[in-house]
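Student: Sequence unavailable; structure follows:
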């Protein structure tokens, strides 16, 4: 198999950009099956980093490593390291519950709780011990998610009574209510209509001022519109016939889309596969 | 931004404590199972011999004897009940799964579930009023009818589920080569669902064999061999009820032995049906 | 050419008309069998109601409030039986709900590997398969002697509490209620577990993703979401508890009086019927039918409500 070395270090200029998340030689296994091979990547603060690539290339898998959500899968194993601000996320001493407070996630299908809109947003802060009046926090989060004006008169209504796009914005509000450092988004717009998609893309650009965002998307145009940096993943077949994902290229979005280094990247962008 | 695990943290402690409590409750839930099964085995095993299966119950103060008449009686009545409830139940389920409109089906399924919840003593009372009073005799028929009403909901429910799982393509294939609806159902769909249906019927039979309330005033009990379907008929379940409350050691032992047989029957059918359902092809 | 076509054409015609006829007959047969279910329910109601009419006329609604059951004087009242039915059912629910719901939670989450979980789920279901009369037998010879020392302790030290005001002398409300608890546990566990496993996995992921611990997720997200299903399970269990006959008859002592002590003997409507029906005659039979009608209506209402709740959940 060919190995691709990505010049990750040169990408993050330590004077201008701070590293929030870093994977170092991360290899992800499900049981004995290697899903993602030897990824090294640095995610910069207050930027939107996009993971793109054909299905099965492991981009969602890598994303879910950042907030320890892969722990829910029994056969999951990580070889290599993943760091959050120089802390090894997978060290034995780390509490995944606390990790998820700092690194939040928005999922592909909007999944609000069957509770009121208010309780949806207040859930995170409540279980993380925030006491007292949550009204201001709820309002602020809903405003930041560009949903406040639409729901301010019906905070007691069920979260499920909203439209798809509104539900997703509610989920975003819910995630940022705990005031995380990083927001991971796993194909957040794939279940939504184009207009809602556009609204959420605008939202992302606002949100990156306060948070660091990593987004997995199979929509290349979205990646080119929204992200500052883009990582392109691909799939290859190993000797035994299994499929393994790997990182092909990682650079500023402008560069990846106008003048990519690798042929595969060029082909994928041009729509020749995936 | 310290992410280290503090196991003395209140949230983690609560988490662990709740897991322990929940696990303890599961253990508590299973203790009675262990207790009942082991006691029935201990008290009943000593009487499990040929005499048990071939002799009649003795009068009080006379040792020995068996429960053979009760075994035969149970077989007869449960068999009769199955003869009644299986065709009707399967037919009803066929209607539900194949021919009914969704609204009708919902109501009938609703009625089936409600029938399932009717106390078995009421079924006995009903059979008494409908059959015993009119024929002026306690009988195996009356007992069987009461049991068949008891078995119906189980048979309908499992057959319904079994038919629903059969893929539509099979039906279309049959209809496509010109088979009539009744041929499609009887010759194609039912055979495909047969293992599950049989499992459901087996479970219903096992449940019926253990039921007492529908029989205590329809089939009553006798100490002798069942000699007519229109006479009182003994059964394992009623035997246990009668012999449990008399102060004679021998009778009590026979009750334990009868219980053992019933429990073995139930265990066997439950395990076999579980395995059978898991190996479904669909 | 037309003559060659005509015979085969008419052959097809004939075949389809007998085929159609058979199909119609088949469908109608199945239809009748299906509607027979509702028919049986109505028949039961009518039959029981019909036989109850003499007693209804004689005693009216006073039947429900009278404490006296006297076959000699032909004066009947079922208040003690209603009390016994309610008490055994509620005590059983009180005990079975926490045990059953926690077991459902424990067996629906992955606290244990799947293989062990499957076995445990099977074992809990086995509790429901054991015949009621076997529980009664076990109750007489094992449970009652077992709880007697405990009961005596409560009676000695706390007899001022009405619940413990009599001495445990054998059969009574408590042993009956305990056995009913065991018998309704599987209902609560199985249906609650179904409600929990039917929840979409995204719900769990959302809560975990926000930094919730496992039990915070269970208590604040999963249980509220599965609430209707669990309520339905509880109501079904209540229906079963009220109708439970054999084990209760063998353990409750069959005394027709209202006594607030847990250890005193009592009676339920179902055991009243089980005990007296075979030898009853005349007005007594009608009185028993009246009692049976009351039980039938009670369980009907509870089961219909439970079905409605469970059906609502299944639609979502």
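Tutor: Received the coordinates, thanks. Note that the coordinates shown come from a computational prediction; the quantities given were computed from them, not determined experimentally.

Student: Need phi/psi at the spatially most central residue of chain C.
Tutor: Nearest residue to the geometric centre of chain C (CA atoms, centre = their mean): residue C:240, 1.1 Å. Phi and psi for residue C:240, reported as degrees, to the nearest 10, are phi -60, psi -40.

Student: same deal with residue B:233?
Tutor: phi -130, psi 130.

Student: How about it, nearest residue that isn't a chain neighbour?
Tutor: residue B:140 (4.0 Å; CB to CB, 6 or more residues apart in numbering or on different chains). To be clear about C-beta, it is placed using only N, CA and C from the backbone, and glycine gets the same treatment.

Student: same thing with residue B:193?
Tutor: Residue B:193's closest residue in space is residue B:162 (CB to CB, 6+ apart), at 3.9 Å.

Student: Please list all residues in contact with residue C:138.
Tutor: B:35-36, B:39-40, B:259 (CB atoms under 8 Å, 6 or more residues apart in numbering or on different chains).

Student: re the thing from before, hang on, the residue nearest to the centre of chain C packs against residue C:187?
Tutor: Yes - using CB atoms under 8 Å, residue C:240 makes contact with residue C:187 at a distance of 5.9 Å.

Student: Quick one: name the residues of the stretch 51-200 of chain A near chain B.
Tutor: A:84-85, A:87, A:89, A:93-95, A:97-99, A:102, A:181 (CB under 8 Å from any CB of the partner chain).

Student: and residue B:231, what is it in contact with?
Tutor: Counted by CB under 8 Å, 6+ apart, residue B:231 has contacts B:137-140, B:222.

Student: Return the member of those nearest to chain A.
Tutor: Distance to chain A, by CB to the nearest CB, is smallest for residue B:140 among those, at 53.1 Å.

Student: State the pLDDT value of that closest one.
Tutor: On the pLDDT scale, residue B:140 is placed at 92.

Student: hmm, back to that, just among the contacts of residue C:138, which is most surrounded?
Tutor: residue B:259 (31 neighbours; other CB atoms under 10 Å in any protein chain shown).

Student: any idea how far it is from residue B:233?
Tutor: 19 Å (CB to CB, to the nearest Å).

Student: Can you give me the buried ones in stretch B:128-141?
Tutor: B:128-132, B:138-141 (16 or more other CB atoms under 10 Å in any protein chain shown).

Student: Please read the previous query as pertaining to stretch C:135-149.
Tutor: C:135-144, C:147-148.

Student: before we move on, what about stretch A:194-214?
Tutor: Buried residues in stretch A:194-214 (16+ other CB under 10 Å): A:196-197, A:199-201, A:203-204, A:207-208, A:211-214.

Student: Go through chain B and flag its longest helix.
Tutor: If you go by DSSP state H, chain B has its longest helix at helix B:10-45.

Student: Can you report how many residues lie near the residue of the stretch 51-200 of chain C found nearest chain B?
Tutor: Taking CB to the nearest CB as the measure, the stretch 51-200 of chain C has residue C:131 as its residue closest to chain B, at 2.9 Å. Number of residues near residue C:131 (other CB under 10 Å) recorded here: 24.

Student: Please read off the pLDDT at it from the model.
Tutor: Reported pLDDT for residue C:131: 94.

Student: what do you get for residue C:258?
Tutor: 86.

Student: Looks like it contacts residue C:79 (just checking).
Tutor: Yes - taking contacts as CB under 8 Å, residue C:258 lies within contact range of residue C:79: 6.4 Å.

Student: Residues that sit against both of the two, list them.
Tutor: residue C:67.

Student: In the chain, which residue is most central in space?
Tutor: In the absence of a named chain, chain A is used. Central residue of chain A (CA atoms, centre = their mean): residue A:184, at 2.7 Å.

Student: my question was about chain B
Tutor: So for chain B, CA atoms, centre = their mean, it's residue B:207, sitting 1.5 Å from the centre.

Student: Chain neighbours aside, what residue packs nearest to that one?
Tutor: Residue B:207 sits nearest to residue B:154 (CB to CB, 6+ apart), 6.6 Å away.

Student: and the one you found, backbone torsions?
Tutor: Torsion angles, degrees, to the nearest 10, at residue B:154: phi -60, psi -50.

Student: One more: residue C:60?
Tutor: The phi/psi pair for residue C:60 (degrees, to the nearest 10) is phi 60, psi -150.

Student: Quick check, pLDDT for it.
Tutor: For residue C:60, the pLDDT comes out at 84.

Student: where along the chain do the helices fall?
Tutor: Going with chain A. A:8-11, A:59-66, A:96-102, A:117-127, A:135-144, A:148-151, A:164-177, A:194-207, A:220-226, A:253-258, A:263-269.

Student: please go with chain B instead
Tutor: Using DSSP H, the helices assigned to chain B run over residues B:10-45, B:50-54, B:68-94, B:102-117, B:120-127, B:133-135, B:140-165, B:168-176, B:181-183, B:190-209, B:236-244, B:249-278.

Student: Tell me where the model's unsure across the chain.
Tutor: Using chain A. A:1-16, A:274 (pLDDT under 70).

Student: To clarify, I was referring to chain C.
Tutor: C:1-16, C:313-316.

Student: Quick one: the strands in it, in order.
Tutor: Secondary structure of chain C by DSSP state E: the strands cover C:69-70, C:75-76.

Student: Redo the ones you listed as CSV? Include mean neighbour count.
Tutor: Rendered in CSV, the data for the strands of chain C read as follows (neighbours: other CB atoms under 10 Å in any protein chain shown):
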stretch, mean neighbour count
strand C:69-70, 16
strand C:75-76, 19
